[in-house]
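Peer 1: need coordinates for the following:
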Amino acid sequence: MSNPAALQVDGLSFSYGDRKALDDVRFEVGRGEIFGLLGPNGGGKTTLFRILSTLLPPASGTARVFGKDVVAEPLEVRKSIGVVFQNQSLDRRLSVEENLTYQGMLYGITGADLKRRIVFAADSTGIGDRLKDKVEQLSGGLRQRAELAKSLLHQPQLLLLDEPSTGVDPGVRLDFWRYLERMRSEYGSTVVLTTHLLEEADKCDRLAILDRGRLIAVGTPAELKSRIGGDIVSLGSADLDGVAASVEQHLGIKPQVLQGQVRFEHAHGPEIVAQLMRQLPATVDSVSVSRPTLEDVFIRLTGHSFSEPQPAA
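Peer 2: Numbering: from 1, shown residues only. Predicted coordinates:
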């Protein structure tokens with residue numbers, strides 16, 4: 001392989017007892033992509049993340065990082081990846097600089113080179129002026145930036161981020177995405193992140209959508225939403241079954257009843273709503289028409305909502 005992809009996942013499977021956390025998952029991530037693993041909690045994202053970061057061997061299948069097998073060549077893989085886990089690994093009693101120093105030393109980086117890299121990583125993530133602060137004094141957003149700086153010290157080719165925006169406010173989330181874009185545009189980094197946040201997934205170049213351990217779709221956010229091919233019409237009512245039956249009778253389509261609403265797809269949402277309002281029962285108390293979202297894609301592909309509880313591992 002002269003120039004392998006940043007990440008190649010082929011037939012990965014893993015089970016916790018009788019429950020399959022991953023079921024024959026296959027996808028590829030190109031160099032320089034920001035690639036999202038989207039799915040509800042319990043969908044298999046964290047298990048996949050642990051395999052990619054060499055912490056968990058798969059039951060079957062392979063995963064390669066720049067051509068290196070995560071099971072057969074874990075040390076080589078670790079040299080090329082930077083990892084930010086959902087649960088922060090910083091020592092809160094130490095300063096940001098001390099945390100970064102110890103991280104660098106674990107990779108054999110010392111002396112002037114280490115000092116230069118600490119300044120670079122801290123400046124790149126917006127915490128250059130907080131190096132002397134103890135981690136316990138930082139806000140959640142600043143700690144997340146420190147975690148990212150820590151992952152950048154050895155100048156990884158691939159950044160693996162597990163739910164990077166969990167617990168941070170929207171402003172910090174925007175800053176964080178600016179740093180990811182900078183890593184990609186200025187330093188050629190490839191980014192793979194897990195998320196259950198639909199607005200975060202919309203920012204990725206491409207997505208793999210996971211549900212109950214299965215890979216159900218891969219594509220750009222725009223490509224995935226184009227599968228809907230129309231508007232999403234949602235009707236609220238105290239009599240959901242009656243409204244659903246009326247929609248089926250008048251339109252000849254079987255709507256879904258999800259999250260307290262009757263919903264269906266139609267190529268001409270506003271026009272069909274105007275028509276239906278003369279035919280639907282008086283129990284309809286709200287109507288909305290919207291363009292497709294990634295959650296609509298998820299519902300189309302799985303038959304259930306994104307927030308529906310998943311089976312526990």
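Peer 1: in this structure, which helix or strand is least confident?
Peer 2: helix 170-187 (a mean of 79; mean pLDDT, DSSP states H and E).
Peer 1: touching the helix or strand just after that one from outside, list them.
Peer 2: Sequence-wise, the next helix or strand downstream of helix 170-187 (DSSP states H and E) is strand 190-195. With CB atoms under 8 Å, 6 or more residues apart in numbering as the test, strand 190-195 has contacts from 6-7, 29-39, 45-46, 48-49, 52, 157-165, 180, 183-184, 200-201, 204. Any C-beta I mention is one placed from the backbone N, CA and C, and that applies to glycine too.
Peer 1: which of those fall in helices?
Peer 2: Using DSSP state H, the subset of the contacts of strand 190-195 located in helices is 45, 46, 48, 49, 52, 180, 183, 184, 200, 201.
Peer 1: tell me the pLDDT of the first one.
Peer 2: Looking at residue 45, its pLDDT is 91.
Peer 1: isn't it up against residue 25?
Peer 2: No: the pair residue 45 / residue 25 is not scored as a contact, 10.5 Å apart, by CB atoms under 8 Å.
Peer 1: for this structure, give me the ranges with low pLDDT.
Peer 2: Within the chain, the segments meeting pLDDT under 70 span 1-2, 166-169, 172, 307-313.
Peer 1: PyMOL command to pick out the buried ones of the contacts of strand 190-195?
Peer 2: Provided next is the PyMOL selection string for whichever of those are buried by 16 or more other CB atoms under 10 Å:
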select buried, resi 6+7+29+33+34+35+36+37+38+39+45+46+48+49+52+157+158+159+160+161+162+163+164+165+180+183+184+200+201+204
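Peer 1: name the element residue 83 belongs to?
Peer 2: Counting by DSSP H and E, residue 83 is found in strand 81-84.
Peer 1: just to revisit the earlier point, quick check: neighbours shared by residue 45 and residue 25?
Peer 2: Joint contacts of residue 45 and residue 25 (CB under 8 Å, 6+ apart) are residue 210.
Peer 1: residue most distant from the centroid, this protein?
Peer 2: residue 278 (42.2 Å; CA atoms, centre = their mean).
Peer 1: and the gap between that residue and residue 270?
Peer 2: Per CB to CB, to the nearest Å, residue 278 is found 14 Å from residue 270.
Peer 1: same check on residue 108?
Peer 2: Applying CB to CB to residue 108 and residue 270 gives a distance of 63 Å.
Peer 1: between the two, which has more neighbouring residues?
Peer 2: residue 270 (11 against 8; other CB atoms under 10 Å).
Peer 1: next up, the contacts around the more buried one.
Peer 2: Contacts of residue 270 by CB under 8 Å, 6+ apart are 231, 289.
Peer 1: list phi and psi for the closest residue in space to residue 256 that isn't next to it in sequence.
Peer 2: In this structure, residue 256 finds its nearest non-sequential neighbour in residue 263, 5.3 Å apart by CB to CB, 6 or more residues apart in numbering. Here is the backbone geometry of residue 263 (degrees, to the nearest 10): phi -130, psi 150.
Peer 1: surely residue 263 meets residue 254?
Peer 2: No: Residue 263 is not in contact with residue 254 according to CB under 8 Å; the separation is 11.3 Å.
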